[in-house]
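S.K.: Need the 3D shape of this:
(chains A and B)
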Amino acid sequence: MQDIGAGLRSWRLALHWAWMDTKLKYRRSVIGPLWITISVGATILGMGIVFSTLWGTTLGDFLPYICTGMITWGLITSLINEGAIVFINSENLLTQINLPATTCVLRMVFRQFIIFLHNILIFLLVVVVFGVTFSPATPLAALGLLFYLATGIWFGILFGMICARFRDVPQVLTNLVQLTFFITPIFWKPEMLGERVFITTYNPLFHFLEIVRQPLLGQYPSATNWGVVATVTVLGAIITWLFHRHFFKRLKYWL
Amino acid sequence: MAHIRLRNVNVDIPVYDARSRRLISKEVLLRRIGGAMKVDSDSRVVVSALHDITLDIEQGDRLGLVGHNGAGKTTLLRVLSGIYPPTDGTVELQGRVALMFNISLGMEMDATGYENIHMMGRLLGLSNNEITATIPDIEEFSELGDYLTLPVRTYSSGMLMRLAFGIATARPAEIVLIDEAMGAGDSAFQKKTQERLDRFLSKSSIFVLTTHSEQLMRQFCTRGVLMHNGKIEMGGDLDEVYAKYGELLV
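M.R.: Take a look at the predicted model:
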């Protein structure tokens, strides 16, 4: 518990570190971190054109949907994939500097949020070009992101530890995330499933996606969306707390 | 009062390599260096890196850890620093610790000297104001001048070490732990560096050093602990420790 407390208190260090990470990665490139924006933007445009044609709808109708879906999904998956390897990647720091392990998790989570903020630019562009209606629901996206922040942190601590011990788990997670991309409504809409809509109902990542995507589109997420997300967040935090209490002592020896 | 007290500390490091069981040959078990290997209740291979260590380090101690490779010196240093929680036993630590194991760890090669001072300063727990206050001192010691505005990757290894060492010794600490492999190489013991190290150490109340150099040990330490196969063989006067160490080597 001490480690989590000390780690959370070191959020300034973690934020500074995450910002340095992002800055340094693109230091020698001319347009810098905007490359993140451009590469995601190109994917969204390409997929938008293809799938709006396939589903027989207009680009103006479909692009805001796929754009918000893709950038939100990008944040979710990077929190999962990077969370899995957060301690493995920080092995040197954790075994040679007296640094709370949780600081490394915060650094990773903040880095993903910084990337997400870069991608928000694409959404703003789409808003300007295609006109997305803002509504009183829009600010709820911030609440949704708070749930991402909390879940990103406990997930990183819990799975960071599990993956440090069992080195096959990160691979399993990466593959699962890849598979989930296709069964989560990102480039298609849930109602297209007809009577098989249960595929989305039982997918927790769908509910996480909705609590940020729907507000960005000016819509209210459903009560089910909020309920599932809140339950997963609280349960996950409790499991992490129990796991941490029993196994944290061993983390350094698993690295 | 700064102190570190270890009571019956054990550190067992499990080996999770899937093929590790094959390692347990008679030859390995009978080896004279390294911690003892054993197989635990889950039939996993475990290296007993430290075994039943009880050690009191009090205010004013200048302690040297002596022992051959794999004797447990570095592991002990990591336990003293609080990085490794012991498998069994207790560690009581009072005082702010400065670790000098790998002092350039955490430096970013693409960041400038100044950016690294800020980053490393924060890692060492300094506030923004404290970092700003230490900058003139680091500038003076490192003699890097305008190079501090360039990415660290343009530095020679000697320049990099001067910067890392300048940062690591910028703020005095009550407890200083130094591993000989702190990464400073020869440069650490050049005159200017040594003066700075002396000053840094004189402000500390506890100091623990591991090195294979008997000369450095005698220069900095007043008391020695001889480590052997993860255990404390003996502790006391440096002359006695080195005499015993000589016997072990034969």
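S.K.: For chain B, which residues are neighbours of chain A?
M.R.: B:12-14, B:16, B:78, B:81-85, B:97, B:99, B:101-102, B:105-106, B:108, B:110-111, B:115, B:118-119, B:122-123, B:151 (Cβ under 8 Å from any Cβ of the partner chain). (C-beta placed from N, C-alpha, C; glycine too.)
S.K.: Sort out which of the residues you listed are in strands and list them.
M.R.: B:12, B:13, B:14, B:97, B:99 (DSSP state E).
S.K.: what about the second one, how many residues close to it?
M.R.: For residue B:13, the number of neighbouring residues by other Cβ atoms under 10 Å in any protein chain shown comes to 19.
S.K.: hang on, isn't it packed against residue B:49?
M.R.: Yes: under the criterion of Cβ atoms under 8 Å, residue B:13 makes contact with residue B:49 at 5.2 Å.
S.K.: Residues of the stretch 1-150 of chain A that sit close to chain B?
M.R.: A:12-13, A:16-17, A:20, A:24, A:27-28, A:92-99.
S.K.: Buried only: go through these for me.
M.R.: Those of the residues of the stretch 1-150 of chain A next to chain B that meet the buried threshold are A:13, A:16, A:17, A:20, A:24, A:93, A:94, A:95, A:96, A:97, A:98, A:99, by 16 or more other Cβ atoms under 10 Å in any protein chain shown.
S.K.: tell me the two of those that are most distant?
M.R.: A:24 and A:98 (23.8 Å; Cβ to Cβ).
S.K.: Grab the nearest non-local neighbour of residue A:251.
M.R.: residue A:161 (5.6 Å; Cβ to Cβ, 6 or more residues apart in numbering or on different chains).
S.K.: Next, report how far the helix or strand where that neighbour lies is displaced from the centre of its chain.
M.R.: In this assignment (DSSP states H and E), residue A:161 forms part of helix A:140-165. Offset of helix A:140-165 from its chain centre (Cα atoms, centre = their mean, to the nearest Å): 8 Å.
S.K.: Could you figure out how far the next helix or strand after that helix is turned away from helix A:140-165?
M.R.: Downstream of helix A:140-165, the next assigned helix or strand under DSSP H and E is helix A:169-183. Going by axes from the mean of the first three to the mean of the last three Cα atoms, to 10 degrees, helix A:169-183 is angled at 140 degrees with respect to helix A:140-165.
S.K.: And chain B, is helix A:169-183 touching that?
M.R.: No: using Cβ under 8 Å from any Cβ, we find that helix A:169-183 stays clear of chain B, coming within 12.8 Å at best.
S.K.: Which other helices and strands does that helix contact?
M.R.: When contacts are defined as 3 or more Cβ pairs under 8 Å, 6 or more residues apart in numbering or on different chains; DSSP states H and E, helix A:169-183 packs onto helix A:59-84, helix A:140-165.
S.K.: how about residue B:135, phi and psi?
M.R.: phi -60, psi -50 (degrees, to the nearest 10).
S.K.: How about residue B:67?
M.R.: Torsion angles, degrees, to the nearest 10, at residue B:67: phi 160, psi 160.
S.K.: now the closest residue to it other than its chain neighbours, what's its secondary structure?
M.R.: Excluding its sequence neighbours, the residue lying closest to residue B:67 (Cβ to Cβ, 6+ apart) is residue B:227, at 3.5 Å. Following DSSP: H, G, I helix; E, B strand; the rest coil, residue B:227 is assigned to strand.
S.K.: what sits against residue B:227?
M.R.: B:65, B:66, B:67, B:71, B:72, B:73, B:76, B:233 (Cβ atoms under 8 Å, 6 or more residues apart in numbering or on different chains).
S.K.: Now do the third one against chain A, distance only.
M.R.: In other words, residue B:67. To chain A, residue B:67 is 20 Å away according to Cβ to the nearest Cβ, to the nearest Å.
S.K.: ok, now the fifth one?
M.R.: Residue B:72 is 14 Å from chain A, where distance means Cβ to the nearest Cβ.
S.K.: now do the fourth one
M.R.: Here the distance between residue B:71 and chain A works out to 18 Å (Cβ to the nearest Cβ).
S.K.: Quick check: that residue touching residue B:245?
M.R.: No: counting by Cβ under 8 Å, residue B:71 does not reach residue B:245; the two are 9.8 Å apart.
S.K.: Now do the helices in chain B.
M.R.: B:26-29, B:73-81, B:113-123, B:128-142, B:157-168, B:191-202, B:214-220, B:238-249 (DSSP state H).
S.K.: Could you give the secondary structure assignment for residue A:98?
M.R.: Per three-state DSSP, residue A:98 ends up coil.
S.K.: Skip the chain neighbours and tell me the closest residue to the closest residue to chain B within the stretch 101-250 of chain A.
M.R.: The nearest approach of the stretch 101-250 of chain A to chain B comes at residue A:249, 4.6 Å away (Cβ to the nearest Cβ). What sits nearest to residue A:249 in space, not counting adjacent residues and going by Cβ to Cβ, 6+ apart, is residue B:85, at 4.6 Å.
S.K.: All good on my end, thank you.
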